[in-house]
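[1] please work out how this folds:
(one chain, ligands or ions: 1)
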Amino acid sequence: MVVIWILFLALLREPPCPGRAAAVPEPPGGAPRARRDAGGRGGVYEHLGGAPRRRKLYCATKYHLQIHPSGRINGTLEKNSAFSILEITAVDVGIVAIKGLFSGRYLAMNKRGRLYASESYNSECEFVERIHELGYNTYASRLYRTVPSRAGTKRKASAERLWYVSINGKGRPRRGFKTRRTQKSSLFLPRVLDNKDHEMESYNSECEFVERIHELGYNTYASRLYRTVPSRAGTKRKASAERLWYVSINGKGRPRRGFKTRRTQKSSLFLPRVLDNKDHEMVRLFHSSARFRESLLRAPSKNQRRRRGH
Ligand SMILES: *[C@@H]1O[C@H](CO)[C@@H](O)[C@H](O)[C@H]1NC(C)=O
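    Purely as a prediction, here's the structure:
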């Protein structure tokens, strides 16, 4: 029994890495670099291109790199997948941070060469971007690489080897120390977003509402994402129930803040109506008259914006 447990525990442990993983030393004289959010704009990045580039990374193995909210990294054969939309920011000359737009996490490689999606930005999230033939790039960990062992060498010391971001022919990431610059799995084509990606770009989980049917044909629409959760700490009174935040237009035509809404208020009840003739006429005009379209889509005047608090 004991033997079985030891075998089981041995299986759970990470296999040892061939070669040594070494953290690249800080530049001489330099204080440790402060952590910073590579997703931010301005400041030190201004001269490096400022705003992040939105791209997909298409591997030569035909997979798009995905960064999942669960922390997982893998590839997808799908042309349009929300988790393959990335923000690539230059954080230093030739160094990039790669963030998943929807997961909000950064591509990172740990000292065992495993790719993961990091919630916070740190030096494991920095990659050396190099341009290769046919427009393909490679992304190597800035922090970890295989350093040639010097101790007891009879043979000529091997060269230093970089650890590349890599998605194999099954859509799974390879461990850094197993990668080579020349493998298909390490070559990525940065692609601009297509129309379908742009549609997803502007859609996010704040745009989802729970629709419920109520009496007299009225519906309510509650945020799927946000609600008031009952506080548990130090309760003398009975814990209050969870409360949904409803879409709501008050008696002055203005929206109420979600936490002030109730399911029973008139302001939270909406009747879905079919379009009447005048509505249909507007739709027709919108499609046929450029002038009408422009007047509708024109940005609000400065005064209107100020009143809205922008
Ligand atoms: C990638 O990860 C997602 C989420 O964990 C999973 O559903 C999918 O099957 C994975 N794809 C591959 C090719 O491993």
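[2] what about Val128, is that helix, strand or coil?
    The local conformation at Val128, judged by DSSP: H, G, I helix; E, B strand; the rest coil, is strand.
[3] what parts of the stretch 1-150 of the chain come near the ligand?
    Within the stretch 1-150 of the chain, the positions adjacent to the ligand are 68, 70, 72, 74-75 by CB under 6 Å from any ligand atom. C-beta here means a position set from N, CA and C on the backbone, and glycine is covered the same way.
[4] so for stretch 82-98, what gets flagged as buried?
    Of the residues in stretch 82-98, those buried by neighbour count under the rule 16 or more other CB atoms under 10 Å are 82-91, 95-98.
[5] first-to-last residue distance for that stretch?
    Start-to-end span of stretch 82-98 (CA to CA, to the nearest Å) is 15 Å.
[6] same thing with stretch 189-198?
    Taking CA to CA, the first and last residues of stretch 189-198 lie 19 Å apart.
[7] show me what contacts the residue of the stretch 51-200 of the chain found nearest the ligand?
    The stretch 51-200 of the chain approaches the ligand most closely through Gly171 (2.9 Å), counting by CB to the nearest ligand atom. By CB atoms under 8 Å, 6 or more residues apart in numbering, Gly171 lies in contact with 61, 63, 74-77.
[8] that one and Arg161, how far apart?
    Using CB to CB, to the nearest Å, Gly171 is found at 24 Å from Arg161.
[9] and the helices in the chain, which stretches?
    Counting by DSSP state H, the chain has these helices, from start to end: 2-12, 195-202, 277-288, 290-297, 302-307.
[10] weakest of those helices in terms of mean pLDDT?
    Sorting the helices of the chain by mean pLDDT places helix 2-12 lowest, at a mean of 41.
[11] circling back to that earlier point, just flag the most distant two among the buried residues of stretch 82-98.
    Pairwise distances across these peak at 26.2 Å for Ala82 and Ile95 (criterion: CB to CB).
[12] the residue nearest to Arg256 when sequence neighbours are not counted: neighbour count?
    Closest residue to Arg256 apart from its sequence neighbours, by CB to CB, 6 or more residues apart in numbering: Ser248 at 4.2 Å. Neighbours of Ser248 under the rule other CB atoms under 10 Å: 23.
[13] and the one 5 residues further on, by the same measure?
    Residues within reach of Gly253, counting by other CB under 10 Å, total 6.
[14] quick check: domain ranges of this structure?
    Domain ranges of the chain: 43-148+158-200, 205-231+240-268, 277-308, per automatic domain parsing.
[15] so where's the stretch 1-150 of the chain uncertain?
    Scanning the stretch 1-150 of the chain for pLDDT under 70 picks out 1-50, 150.
[16] in it, which spans are strands?
    20-23, 53-59, 64-67, 73-76, 86-92, 95-100, 106-109, 115-118, 127-131, 137-147 (DSSP state E, counting those that start in this stretch).
[17] so which of these is nearest Arg191?
    For Arg191, the closest of those is strand 53-59, at 4.6 Å, according to CB to CB.
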